[in-house]
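S.K.: Okay, sequence plus prediction incoming.
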Amino acid sequence: MNRKVNIGLVQMSCTSNVEDNFQKAVDGIREAAAKGANIVCLQELFKSLYFCDVEDHKNFALAETIPGPSTESLGTLAKELNVVIIASLFEKRAHGLYHNTTAVLDADGAYLGKYRKMHIPDDPGYYEKFYFTPGDASQGNADSDGYRVFDTKFAKIGVLICWDQWYPEAARITSLMGAEILFYPTAIGWDTNETDPVINEEQYGAWQTIQRGHAVANGVYVVAVNRVGREADQQFWGGSFIANPHGRLLYLAPHAEETTHVEEIDLQKLDHYRTTWPFFRDRRVDSYRQILKRYID
């Protein structure tokens, strides 16, 4: 059975003009579809500047309901182009309750659901805890809780978001739920006040390496889509990539340029990777209880 899927990623810079950013993303989706993409992933919070560099109540005005106007528009586009769209948005769940959320639109335009970012950072330049409540732990019933897998027309996909990238538990659980591809919409870059080039190099290398490790440990393809451009004191490093289940880079985007790329992957090969290195088979699930502790004193 042919299970080849064309993955599109849109790596772009953003401005303070929400409408212009949205149109740029739409143009990128159209370009990817014209190149044969079946699934197109946008970067984290693509509609605006990365506003979490400051704590400002005015930025809550950027939030929207999900589903809502953006998912409706993108659903129409997905149906027109026959592509799956992965769209990272700032969600207003209720008054005073906001999430960093990614919506998935299937190729027929149907809204398949959303994933709410589970791990929320609070670091200089990334004050996300001011804005975002983490996603609720799954209770097995709500379609917006916990880690999620979406059964799209072209593949069963998992979506995690930026800071989730550093947590092997998130990648493992999503893969165990049946994900064949892990998508990571992302906004991360270098601090422009950092003068040591080695630190910058190490940070980017760590970011890429851990995600390639998720691909290896779980026998899945990994797609990371980052933004580019200078915003305040952040130089977003681009470097979006696609890795196969052995961690080999199939595509690596430039650091400073906007790009729309489409890469063919073969999901039929997943069985080969997982039987060659059968990590799931040899997991000692009876020995992992301590992982539920914050720290093993």
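M.R.: Sure, I can see it.
S.K.: and the residue lying closest to Gly238 once chain neighbours are set aside, backbone torsions?
M.R.: Leaving aside its sequence neighbours, Gly238 sits nearest to Val228 (CB to CB, 6 or more residues apart in numbering; 4.1 Å). Any C-beta I mention is one placed from the backbone N, CA and C, and that applies to glycine too. Dihedral pair for Val228: phi -130, psi 170, per degrees, to the nearest 10.
S.K.: residues touching Val228, list them.
M.R.: Residues in contact with Val228 (CB atoms under 8 Å, 6 or more residues apart in numbering) are Gln11, Met12, Ser13, Phe236, Trp237, Gly238, His255, Ala256, Glu257, Glu258.
S.K.: How about Cys162?
M.R.: Glu44, Asn100, Lys117, Pro121, Tyr184, Pro185, Thr186, Ala187, Ile188.
S.K.: Roughly how far does it sit from Gly28?
M.R.: According to CB to CB, to the nearest Å, Cys162 stands 19 Å off from Gly28.
S.K.: ok, now Ala61?
M.R.: 25 Å.
S.K.: partner residues bridging the residue nearest to Gly238?
M.R.: For Val228, the beta-bridge partners are Trp237 (DSSP bridges).
S.K.: What pLDDT is listed against it?
M.R.: pLDDT recorded at Val228 is 98.
S.K.: for the one 5 residues further on, same thing?
M.R.: Predicted confidence (pLDDT) for Asp233: 95.
S.K.: With the one 4 residues further on instead?
M.R.: The pLDDT attached to Trp237 in the predicted structure is 97.
S.K.: which residues touch it?
M.R.: Ile188, Gly189, Trp190, Tyr204, Asn226, Val228, His255.
S.K.: Just send the residues you listed back as TSV, with distance to Lys153 and secondary structure too.
M.R.: Below are the contacts of Trp237 laid out as TSV (distance: CB to CB, whole Å; DSSP: H, G, I helix; E, B strand; the rest coil):
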residue	distance to Lys153	secondary structure
Ile188	30	coil
Gly189	33	strand
Trp190	37	strand
Tyr204	34	helix
Asn226	26	coil
Val228	30	strand
His255	33	coil
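S.K.: and His261, bridged to which residues?
M.R.: Beta bridges link His261 to Leu9 when assigned by DSSP bridges.
S.K.: Which of the contacts of Val228 are buried? Put it as a PyMOL command.
M.R.: Here is the PyMOL selection string for the buried members of these, based on 16 or more other CB atoms under 10 Å:
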select buried, resi 11+12+13+236+237+238+255+258
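S.K.: tell me which of the contacts of Val228 is nearest to Leu77?
M.R.: Nearest to Leu77 out of those is Met12 (CB to CB; 16.1 Å).
S.K.: which residue packs closest to that closest one, ignoring adjacent ones?
M.R.: Glu258 (4.8 Å).
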